[in-house]
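S.K.: Provided below for reference: sequence and predicted model.
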Amino acid sequence: MTISLGLPAVRSDEPLGGAHVISAPPGAMDPVARRVDVALRGLRVAAPVHREAGAGPSDDGHVLFDGVAAAIPVNSTSPYLVTGGRLVMETAEAGPIDVGIDVAPVARPRFYDLTTADGIAYEQIARLHGSKVLATTVVQTCIRYGESDRCRFCAIEASLDAGATIAVKTPAMLAEVARAARDLDGVEQAVMTTGTSNGWDRGAKHLARCVQAVKDAVPELEIQVQIEPPRHLRAIQDLYDAGARSIGIHVESMDDAVRAHWMPGKSTVSLDEYRAAWREAVRVFGRNQVSTYLLVGLGEQPDAMVGWAQELIELGVYPFVVPFRPLRGTLATDVDHVPAPSRSLLESVSRQVAALLIAAGMLGSEQKAGCAACGACGVLKSAGA
C-alpha cells in the first residue's frame with residue numbers, strides 16, 4: 001500500500017496533440033535557473049521510482065536530467081513535461097518549447113520484485129533513490145513525532161502507517177537487500193538513516209550494527225549514515241568503525257527562532273551540540289565527508305543562510321542546500337499550508353553557496369556516499385558544487 005498523490009498518470013512520452021515543439025531561444029534560462037524552476041514547479045511524468053511520505057524532502061519522482069539524478073515533484077499542473085525523452089515547457093505565447101535537456105525516468109529496480117523468506121517485500125526494507133543509491137530508515141519511528149515535538153516538514157511515520165515500510169529493519173534484512181540491489185540493479189552507494197531514539201546514542205548503535213552487516217555482505221558499497229548529534233560523541237567513531245565513510249548530521253536551520261517553530265523537539269538539541277558533533281565528525285570522517293541539510297523557505301534571511309554555509313564550510317562540513325517543498329502528511333503542508341520558496345530565493349542562495357563550496361574545493365561528487373554525493377534533491381550540482 002502506498003499513499004496516493006491524487007494526480008493523474010502522465011506518460012513520459014505523452015504527445016502534445018500534434019503541436020510543433022520549438023527549441024528554447026538562446027540564453028532564455030541557464031541550467032541552474034532551469035533546474036531551480038523545475039524543482040519548484042514539478043514535472044508531468046510517469047515516474048516508476050517515486051518517493052512518497054517519509055522524512056522528506058518531498059513527494060518526488062526520480063529521473064535523470066542529462067544523465068544526472070534529479071528528484072522532482074510529480075505535478076499534473078506543471079508546465080513541464082517529458083516528450084520524446086526531452087524536457088518540454090508548455091507556454092501560452094510560443095506553444096511547447098524543447099528546453100534542451102534529455103530526461104529519462106529511472107526504471108523500477110528489479111530488487112523490488114523480491115521478498116524475504118518471511119514474506120517482507122524488499123521495497124519495504126530499502127528503496128532506490130536516484131539511479132544508484134539504496135536508501136533505508138533503519139528505525140521508522142521517532143521520539144520527536146508527537147504533535148507538539150514533531151518537525152513540521154517530516155512525515156517519517158506516515159509511510160509506516162500506510163504499510164509502505166516496516167518499523168525496524170534488522171541487519172540481516174538490510175544485508176540481503178543490499179546484495180540483491182547491487183547484483184540486480186548496480187547500486188553503488190547507500191544512505192542509512194534512523195528515527196531518533198531515547199538512548200545516549202540517539203539511534204546510532206542499531207545503525208552501526210546495520211552498517212556492519214551491509215559492509216560484510218557488500219564490501220564495495222559506500223555508505224553514508226544520518227543521525228542527530230549523539231549525547232556521547234564516541235557514537236560517531238563507532239559508525240566509522242562499522243564501515244560508514246560519510247555522515248549527515250542535519251540541522252535544517254541555524255536560526256534558533258526558526259528551529260523552535262519548525263522543529264520544536266529537535267531544537268532542544270542546541271547549536272553548540274551540533275557544532276561539537278560536526279567537529280568530531282570531521283575529525284573522524286574527514287573534511288567534506290560530513291554534511292548537513294539547510295532548508296530554503298523556512299523563513300530565514302538569505303544573507304544569514306549564506307553566512308551559515310560559510311561557517312559550515314570552514315568547519316569542513318558540506319551545507320546541502322535544498323528547497324522546502326510541501327510533503328503530504330506533514331504539519332507544514334496539511335496544517336500550515338506553507339508554500340515552496342520563491343524561485344529567486346532558492347536560486348540566489350544556491351548560487352552563492354555553490355560559489356563558496358567551489359572556492360573551498362568541496363564538491364558533492366567527492367563525497368563517498370549520501371545526499372550531497374547524489375545531489376538529486378537540490379540544485380548545487382547544477383551550479384558546479
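M.R.: Sure thing, it's come through. Not measured: the values here are computed from a predicted model. Numbers count the residues shown, from 1 in each chain.
S.K.: hey, where'd the strands end up in the chain?
M.R.: In the chain, the segments counted as strands under DSSP state E are 22-23, 50-51, 60-65, 68-73, 80-83, 86-91, 95-105, 127-129, 133-137, 189-193, 222-226, 246-248, 290-296, 317-323.
S.K.: how about these in a markdown table, adding mean neighbour count?
M.R.: From N, CA and C alone the C-beta is placed, and that goes for glycine too. Listed next are the strands of the chain as a markdown table, based on neighbours: other Cβ atoms under 10 Å:
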| stretch | mean neighbour count |
| --- | --- |
| strand 22-23 | 12 |
| strand 50-51 | 20 |
| strand 60-65 | 23 |
| strand 68-73 | 23 |
| strand 80-83 | 22 |
| strand 86-91 | 19 |
| strand 95-105 | 17 |
| strand 127-129 | 25 |
| strand 133-137 | 25 |
| strand 189-193 | 25 |
| strand 222-226 | 26 |
| strand 246-248 | 26 |
| strand 290-296 | 25 |
| strand 317-323 | 27 |
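S.K.: where does the closest residue to residue 212 other than its chain neighbours land on pLDDT?
M.R.: The spatially closest residue to residue 212, leaving aside those adjacent along the chain, is residue 242, at 4.4 Å (Cβ to Cβ, 6 or more residues apart in numbering). As predicted, residue 242 sits at a pLDDT of 98.
S.K.: please apply the same query to residue 139.
M.R.: Residue 139 is assigned 97 on the pLDDT scale.
S.K.: what does residue 166 give?
M.R.: Value for residue 166, per-residue pLDDT: 96.
S.K.: again with the one 10 residues further on
M.R.: On pLDDT, residue 176 comes in at 98.
S.K.: residue 160 now?
M.R.: Confidence at residue 160, expressed as pLDDT, is 89.
S.K.: the helices in this protein, which residues?
M.R.: Remark: helices assigned in the chain by DSSP state H are 31-41, 122-125, 158-161, 171-185, 204-217, 234-242, 256-262, 271-285, 302-315, 331, 343-360, 371-374.
S.K.: any residues touching the last one, and which ones?
M.R.: By Cβ atoms under 8 Å, 6 or more residues apart in numbering, the residues outside helix 371-374 that reach it are 69, 129-130, 132-133, 189, 191, 224, 246, 248, 291, 293, 318, 320, 364-365, 367, 377, 380.
S.K.: what sits against the residue nearest to residue 189 when sequence neighbours are not counted?
M.R.: In space, residue 189 comes closest to residue 369 once its chain neighbours are excluded; the distance is 3.8 Å by Cβ to Cβ, 6+ apart. Contacts here follow Cβ under 8 Å, 6+ apart; on that basis residue 369 touches 133, 189, 190, 191, 222, 223, 224, 245, 246.
S.K.: spatially nearest residue to the last one (excluding sequence neighbours)?
M.R.: Put plainly, it is residue 246. Take residue 246 and drop its neighbours on the chain: the residue closest to it by Cβ to Cβ, 6+ apart is residue 224, 3.9 Å away.
S.K.: who does that neighbour bridge with?
M.R.: residue 191, residue 246 (DSSP bridges).
S.K.: that one touches residue 248, doesn't it?
M.R.: Yes: counting by Cβ atoms under 8 Å, residue 224 touches residue 248, with 6.1 Å between them.
S.K.: mutual contacts of these two, please.
M.R.: Contacts common to residue 224 and residue 248, judged by Cβ under 8 Å, 6+ apart, are 191, 370, 371.
S.K.: okay if I get those residues as TSV plus distance to residue 111?
M.R.: Output for the shared contacts of residue 224 and residue 248, formatted as TSV (distance: Cβ to Cβ, whole Å):
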residue	distance to residue 111
191	16
370	20
371	21
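S.K.: for residue 335, state which of these is nearest.
M.R.: Of all the shared contacts of residue 224 and residue 248, residue 335 sits closest to residue 371, with 26.4 Å by Cβ to Cβ.
S.K.: what is the neighbour count of the closest one?
M.R.: 28 (other Cβ atoms under 10 Å).
S.K.: for residue 69, give me its contacts.
M.R.: Residue 69 makes contacts with 62, 63, 106, 129, 130, 131, 132, 133, 374, 375, 376, as judged by Cβ under 8 Å, 6+ apart.
S.K.: relative to residue 98, how far out is residue 334?
M.R.: Distance, residue 334 to residue 98, by Cβ to Cβ, to the nearest Å: 37 Å.
S.K.: before we move on, the earlier item: Throw the shared contacts of residue 224 and residue 248 into a markdown table and include distance to residue 286 and pLDDT, thanks.
M.R.: Shown next, in a markdown table, are these (distance: Cβ to Cβ, whole Å; pLDDT from 0 to 100):
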| residue | distance to residue 286 | pLDDT |
| --- | --- | --- |
| 191 | 18 | 97 |
| 370 | 13 | 94 |
| 371 | 17 | 93 |
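S.K.: which of the residues you listed lies closest to residue 41?
M.R.: Closest to residue 41, out of all of the shared contacts of residue 224 and residue 248 and judged by Cβ to Cβ, is residue 371, at 21.9 Å.
S.K.: what about that closest one, distance to residue 131?
M.R.: In this view, residue 371 and residue 131 are 15 Å apart by Cβ to Cβ.
S.K.: and residue 339, by the same measure?
M.R.: Going from residue 339 to residue 131 by Cβ to Cβ gives 30 Å.
S.K.: what about those two, which has more around it?
M.R.: A direct count of neighbours by other Cβ under 10 Å for residue 339 and residue 131 places residue 131 higher, at 22 against 13.
S.K.: now that one: closest residue in space, sequence neighbours ignored.
M.R.: Distances taken as Cβ to Cβ, 6+ apart put residue 106 closest to residue 131, at 4.9 Å, once the chain neighbours are dropped.
S.K.: what does residue 291 give?
M.R.: Using Cβ to Cβ, 6+ apart and skipping the chain neighbours, the partner closest in space to residue 291 is residue 318 (4.2 Å).
S.K.: tell me the contacts of that neighbour?
M.R.: Contacts of residue 318 were listed using Cβ under 8 Å, 6+ apart, and they are 288, 290, 291, 292, 312, 357, 362, 364, 367, 372.
S.K.: now tabulate these in CSV and tack on distance to residue 184 and pLDDT.
M.R.: Formatted as CSV, the contacts of residue 318 follow (distance: Cβ to Cβ, whole Å; pLDDT from 0 to 100):
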residue, distance to residue 184, pLDDT
288, 31, 98
290, 31, 98
291, 28, 98
292, 33, 98
312, 37, 98
357, 34, 98
362, 34, 98
364, 26, 96
367, 25, 96
372, 26, 94
